[in-house]
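Undergrad: Got a predicted structure here, sequence first:
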Amino acid sequence: MLIVGAGAKAAGIAVKVHVLNELGLGPISLKIVEGTERAASWLGLNGMTSGEEPLAVTPIKDIGFPYQSHREFGEAGEAIDAGAQAFSWQRYMIARRRYARWIDAGSPSVRHRDYGEYLTWVLSRATGGVEHVAGRVERAELEEGGEGWSVEVAEPGGSSRHSCGALVLTGPGVHRAFPHEPEVASRLFHCDSRRDEFARLPDDGCDLAIAGGGESALSCVMFLRGLKPKSRFTIYTPMLPLSRGESFLENRVFSDPDVVEWEQLDLQTRRDFVKHSDRGVFDPPSLGAIAYDDRVRFLTGRVVDVGRGEGERVRVEYESPGGAVSAEHDFVVNCTGFDLLAQMRELFPAPTQAEVEERVGPLWEATRGTEIPIGRFLELEGMRPRLQIPGLAGLSQGPGFANLGALGLLSNRVLQPLVAELTGPLDADDGMQYKSLSFE
């Protein structure tokens, strides 16, 4: 197996590969390819956050959560969960000698940077059968005969080629296309723009438009409020700003989508749940921090074009509830989200794209709103060798697979078919023997 990106999903899968190999349920070989640094999206130097934002979920939902591996691996599940607990948030905090202090403080939320340091710790310890490749994936195509994937990686010393039987794509993807006139490109940022790019904004304040109504938009505002405290911000969001609701029932769907038979729910019900609990919502602490900030205002509308305004300003045209409206700002930041299919288009040459669509149906040219066929193992249904894309599985398989809601369940789903190929299905009655684990 080869994973593109060394983030949270890769960390969860690496831990399970390590544990499965230690238990004798392998051998499984995993390569993780990362072009910048491990946990890059969380530490603040790369990726779409500054590292200072509060984590939207409690870190207790760590890389092994929800620790219910018996669902996928039967009797072996108890030993698998015991092994994964050696990489838990609690073990990490104990190792840092900060666990008691954190508990006594009421288990407060942590920053993205803190979570990134935890992921880095996990990836440094999950070594059994796991290899890290420092480089950027430039091309992925089917091997001759179609039995595996061939992945080309640009490394500091040159390029290398790797073969794998299953390919896993992680990360946010490519920022969505944003309609704008070419002459205003120098005044247009994206939520994944490097932090030093934002440094060219004037220190004496400016008027910034933020297009988007989700976590990346809020993250951008929180970062820029601190970087340029004299600036003003207008957030253009298609929906009224909502905070994330977190009841027992909502959380349970993230942790265990089978409890509501998620795959059997009609498409609109699934779309509504994802929209109101995950996408297009803000985490309450961050929303509270800007609620009474006179520098920040919300406008309900969808940005449809950005062009040249008066002087050096840019004109933002947006569809409001009352019709088409325009306004002018100094700069615009595109925080409308990311597109994993666009990432696939960049990685796959035309023949591979055509072969994928022949096996699974239209993807890149599919009608807007069409559900992408993601199977139970978070794979494109009908595609062999497996192409697993957890970030696209939220609608088909459960909302927790697209975020941090159930990293342990995600890794189990991804690895279940590999283990079945090696050992046969694992269930409570097969009498299979496996090693006991001992961790120092």
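TA: Looks like it arrived, so ask away. Numbering: from 1, shown residues only.
Undergrad: So, low pLDDT: which residues of the protein?
TA: Within the chain, the ranges that satisfy pLDDT under 70 run 46-49, 172-173, 192, 194-195, 241-246, 278-286, 369, 425-440.
Undergrad: What residues of the helix ranked longest in it count as buried?
TA: Assignment by DSSP state H gives helix 407-423 as the longest helix of the chain. Using 16 or more other C-beta atoms under 10 Å as the test for burial, helix 407-423 gives 407-419, 423. Glycine gets a C-beta too; all of them are placed from N, C-alpha and C.
Undergrad: Among those, which one lies nearest to L227?
TA: Ranked by distance to L227 (C-beta to C-beta), those are led by L407 at 30.6 Å.
Undergrad: Packing partners of the longest helix of the chain?
TA: Judged by 3 or more C-beta pairs under 8 Å, 6 or more residues apart in numbering; DSSP states H and E, the packing partners of helix 407-423 are helix 8-22, helix 70-73.
Undergrad: among the ones you listed, which is the most enclosed?
TA: helix 8-22 (a mean of 27; mean count of other C-beta atoms under 10 Å).
Undergrad: circling back to that earlier point, and the longest helix of the chain with helix 8-22, angle?
TA: Computed by axes from the mean of the first three to the mean of the last three C-alpha atoms, to 10 degrees, the angle separating helix 407-423 from helix 8-22 equals 40 degrees.
Undergrad: Report the secondary structure element holding V332.
TA: Using DSSP states H and E, V332 falls within strand 331-334.
Undergrad: again, but for T336
TA: T336 is part of no helix or strand when elements are defined by DSSP H and E.
Undergrad: Name all residues that make contact with it.
TA: Contact analysis of T336 by C-beta atoms under 8 Å, 6 or more residues apart in numbering lists 175-176, 178, 211-212, 303.
Undergrad: Inside strands: which ones of those residues?
TA: With DSSP state E as the criterion, strands contain 175, 211, 303 from among the contacts of T336.
Undergrad: Go through the helices and strands packed on helix 407-423 and name the closest to V260.
TA: helix 70-73 (14.8 Å).
Undergrad: tell me what that closest one is packed against?
TA: With 3+ C-beta pairs under 8 Å, 6+ apart as the test, helix 70-73 has helix 77-84, helix 407-423 packed against it.
Undergrad: Can I get that helix in CSV? Just the C-alpha atoms.
TA: The C-alpha trace of helix 70-73 is given here as CSV (Å, rounded to 0.1, in the frame of the first residue of the first chain):
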residue,chain,number,x,y,z
HIS,A,70,-13.9,-6.4,16.4
ARG,A,71,-16.4,-5.0,13.8
GLU,A,72,-13.9,-5.5,11.0
PHE,A,73,-11.5,-8.1,12.5
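Undergrad: about what we covered before: return the longest helix of the chain as CSV; C-alpha atoms alone will do.
TA: Taking C-alpha atoms only, helix 407-423 is exported to CSV below (Å, rounded to 0.1, in the frame of the first residue of the first chain):
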residue,chain,number,x,y,z
LEU,A,407,-9.6,7.6,12.3
GLY,A,408,-9.5,4.2,13.9
LEU,A,409,-12.6,3.1,11.9
LEU,A,410,-11.2,4.6,8.8
SER,A,411,-7.9,2.7,9.1
ASN,A,412,-9.8,-0.6,9.7
ARG,A,413,-12.0,-0.1,6.6
VAL,A,414,-8.9,0.6,4.5
LEU,A,415,-6.9,-2.4,5.7
GLN,A,416,-9.7,-4.9,6.1
PRO,A,417,-9.5,-6.2,2.5
LEU,A,418,-5.7,-6.5,2.7
VAL,A,419,-5.9,-8.6,5.9
ALA,A,420,-8.7,-10.8,4.3
GLU,A,421,-6.5,-11.4,1.3
LEU,A,422,-3.6,-12.5,3.6
THR,A,423,-5.4,-14.5,6.2
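Undergrad: what's the angle from that helix to helix 77-84?
TA: Here helix 407-423 runs at an angle of 120 degrees relative to helix 77-84 (the same axes, to 10 degrees).
Undergrad: coming back round to it: export the buried residues of helix 407-423 to TSV and tack on distance to E53?
TA: Listed next are those as TSV, based on distance: C-beta to C-beta, whole Å:
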residue	distance to E53
L407	19
G408	24
L409	25
L410	22
S411	25
N412	29
R413	28
V414	27
L415	30
Q416	33
P417	35
L418	35
V419	36
T423	42
